[in-house]
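A.B. asks: This is a predicted model, with the sequence first.
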Amino acid sequence: MRCVRGAARAMVLLVALLALLSSVARAEVPSDGADSVDITEQLGARVPRDLPFVDGRGRHVRLGERFAGRPIVLALVYYRCQGLCSLLLGGLTASLQTLEWQLGRELDVVTVSIDPGETPALAAASRDGYLKTLGRLREVGEGNGWSALTGPSSSIDALAAAVGFRFQYVEGRRQFAHAAALFVLTGDGRVSRYLYGVEFPPRQLQAAVFEASGGRVGTSFERVILRCFAWDPASRRYHLFLTRYFRGAGLLLLAAVGGMLAALWRKDLARSRA
């Protein structure tokens, strides 16, 4: 009897879990507007620098003021989201924790709310929480490599259109339906790479930032290693491709062997003439 009751309880919990997951899925992508939620890659597109936003301190700024010549990891989220947005920013933070490159030195992070009703205080609280997770308690605030912005619908829509990010507000749920992705920009604000999902392996993020920087970041050894990584459009991930280096090493080896054989042949020829 106890086994039957235990199995029944397990079944009830499983059904409840499936119902919860189903409700979350419906909240993220509404059935009546699925076509309006997507990402259209626009590699090389330039992000408008003059879009007006408000930073975490309540100051009115232009988006271009957050570009410091370093690669930028851009995230379009809304700060009160406890679902997909939290997973996305949590995955980014986890990757940054093990990345040797630092915010404000090799790369910058810019988060922009897609909800025009959110406040600068909410943006600052969200950013500071992730900075604390990174162990940067003394660097909480602006100028630390992580900017959290809010702004009007006109600025949000223009930025989203520039990077190909299509989202939709779900009436009655007070939620936004959107996809999960990070946008890696060059230092002057051009779209360099899209990273999809909510988990970002450090080497993948590092390779994307390296590409966006034009190979200017990292040590000499890191640059050599990262040049072995290439983007695979099919899997939308970076993969280690050593073919080009193997070819180079093979040619060098062939040249060395050929040179050695030529030297031996000349030496043998000289002996035969003597």
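C.D. replies: Nice, thanks for sending it over.
A.B. asks: Quick one: the helices in this protein, in order.
C.D. replies: 2-28, 84-98, 120-133, 153-163, 202-212, 220-226, 243-273 (DSSP state H).
A.B. asks: and residue 40, what does it touch?
C.D. replies: Listed by C-beta atoms under 8 Å, 6 or more residues apart in numbering, the contact set of residue 40 reads 164, 166. C-betas here are computed from N, CA, C, even on glycine.
A.B. asks: how near is residue 148 to residue 111?
C.D. replies: 5 Å (C-beta to C-beta, to the nearest Å).
A.B. asks: pLDDT score for the residue lying closest to residue 135 once chain neighbours are set aside?
C.D. replies: Spatial nearest neighbour of residue 135, chain neighbours left out: residue 97 (8.0 Å); criterion: C-beta to C-beta, 6 or more residues apart in numbering. pLDDT, residue 97: 91.
A.B. asks: Isn't residue 97 up against residue 136?
C.D. replies: No. Applying C-beta atoms under 8 Å, one finds residue 97 not in contact with residue 136, separated by 10.6 Å.
A.B. asks: Could you report the separation of the residue nearest to residue 178 when sequence neighbours are not counted from residue 121?
C.D. replies: Leaving out its chain neighbours, the residue that sits closest to residue 178 by C-beta to C-beta, 6+ apart is residue 167, at 3.9 Å. As judged by C-beta to C-beta, residue 167 and residue 121 stand 23 Å apart.
A.B. asks: hey, what's in contact with both of residue 148 and residue 111?
C.D. replies: Common neighbours of residue 148 and residue 111 (C-beta under 8 Å, 6+ apart) are 79, 123, 126-127.
A.B. asks: want to throw those residues into JSON lines with pLDDT, neighbour count and distance to residue 195?
C.D. replies: Formatted as JSON lines, the shared contacts of residue 148 and residue 111 follow (pLDDT from 0 to 100; neighbours: other C-beta atoms under 10 Å; distance: C-beta to C-beta, whole Å):
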{"residue": "79", "pLDDT": "95", "neighbour count": "23", "distance to residue 195": "20"}
{"residue": "123", "pLDDT": "95", "neighbour count": "27", "distance to residue 195": "22"}
{"residue": "126", "pLDDT": "93", "neighbour count": "23", "distance to residue 195": "20"}
{"residue": "127", "pLDDT": "93", "neighbour count": "24", "distance to residue 195": "19"}
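A.B. asks: Please tell me I have it right and residue 116 contacts residue 152.
C.D. replies: Yes. The pair formed by residue 116 and residue 152 meets the contact definition of C-beta under 8 Å, at 5.6 Å.
A.B. asks: And the pLDDT for residue 259?
C.D. replies: For residue 259, the predicted pLDDT is 70.
A.B. asks: now swap in residue 34 and tell me
C.D. replies: Reading off the model, residue 34 has pLDDT 47.
A.B. asks: what does residue 37 give?
C.D. replies: 84.
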